[in-house]
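Novice: fold the stuff below for me.
(chains A and B)
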Amino acid sequence: GNSVTQMEGPVTLSEEAFLTINCTYTATGYPSLFWYVQYPGEGLQLLLKATKADDKGSNKGFEATYRKETTSFHLEKGSVQVSDSAVYFCALRGNYGGSQGNLIFGKGTKLSVKP
Amino acid sequence: KAGVTQTPRYLIKTRGQQVTLSCSPISGHRSVSWYQQTPGQGLQFLFEYFSETQRNKGNFPGRFSGRQFSNSRSEMNVSTLELGDSALYLCASSLVSEALNYGYTFGSGTRLTVV
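Specialist: I've put the predicted structure just below:
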């Protein structure tokens, strides 16, 4: 079945450091890929998405490229801020011949950014 | 526009009781999904409703059920509560045509504690 594996945290960085959170997936067909962010006490917010191979999603300085050859969708940011401290979830949504499945999430990676 | 609204935000119930959680989607959104979030299992899909019909269901026991009304508002019910049902329950809505590319918009969740 479909699954998502992301690096375990927590990840602790200093402000302005470079961030990479690894995400790999297993899926049949051509899933859509997402990164969601969850701030303390809140629900999930869509950070970025990519719907086909080689697509790059980007938002708020974060980027991720859909790599079908390596089944990966790693999240990167060149310079993190304290306000980026949150839990990040990689997710996929299967595409079954025009019928879309539910979101499947990774376990989440907690990021803490120190001033 | 108003986001996804979940009520109540917090709930404490006793083992064996039942509980009903409510979700009002973004105006115009006809698809509503429910997810359970726990520290051990992460985010797991419960079910999805569209136009008052359950379209998809996750791997949860029959004690978990849901429904959707004609105004797209949704409720989920858990009967005979167990301690392991303590979790954050998240509702997400989407326009069906957007879902594949934009994922879902999540509410802030209902934190259920079973004692």
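Novice: just the buried positions in the helix or strand bottoming out on mean pLDDT in chain A, please.
Specialist: The helix or strand of chain A with the poorest confidence is strand A:99-105; it has a mean of 77 (mean pLDDT, DSSP states H and E). Residues of strand A:99-105 classed as buried by neighbour count (16 or more other Cβ atoms under 10 Å in any protein chain shown): A:100, A:101, A:102, A:103, A:104, A:105. Bear in mind the C-beta positions are built from the backbone N, C-alpha and C, glycine included.
Novice: which helix or strand contains residue B:76?
Specialist: Element membership of residue B:76 [criterion: DSSP states H and E] is strand B:74-78.
Novice: what packs against that strand?
Specialist: Using 3 or more Cβ pairs under 8 Å, 6 or more residues apart in numbering or on different chains; DSSP states H and E, the elements in contact with strand B:74-78 are strand B:19-24, strand B:31-38, strand B:42-50, strand B:64-68, strand B:87-94.
Novice: now the fourth one against strand B:42-50, angle please.
Specialist: For strand B:64-68 against strand B:42-50, the angle by axes from the mean of the first three to the mean of the last three Cα atoms, to 10 degrees is 40 degrees.
Novice: repeat that for the second one.
Specialist: Relative orientation of strand B:31-38 with respect to strand B:42-50: 160 degrees, computed using the same axes, to 10 degrees.
Novice: and strand B:31-38, average pLDDT?
Specialist: The average pLDDT for strand B:31-38 rounds to 95.
Novice: where's it relative to the chain centroid, distance-wise?
Specialist: Here the centre of strand B:31-38 is set off from its chain's centre by 4 Å, with Cα atoms, centre = their mean, to the nearest Å.
Novice: now do the buried residues in that strand.
Specialist: If you call a residue buried by 16+ other Cβ under 10 Å, then strand B:31-38 has these buried ones: B:31, B:32, B:33, B:34, B:35, B:36, B:37.
Novice: dump the residue contacts of the fifth one.
Specialist: If a contact means Cβ atoms under 8 Å, 6 or more residues apart in numbering or on different chains, then residue B:35 has A:103, B:43, B:44, B:45, B:46, B:89, B:90, B:91, B:92 as its contacts.
Novice: ranges for the strands of chain A?
Specialist: A:3-6, A:11-14, A:19-21, A:23-26, A:32-38, A:44-50, A:56-59, A:62-65, A:75-77, A:86-96, A:99-105, A:109-114 (DSSP state E).
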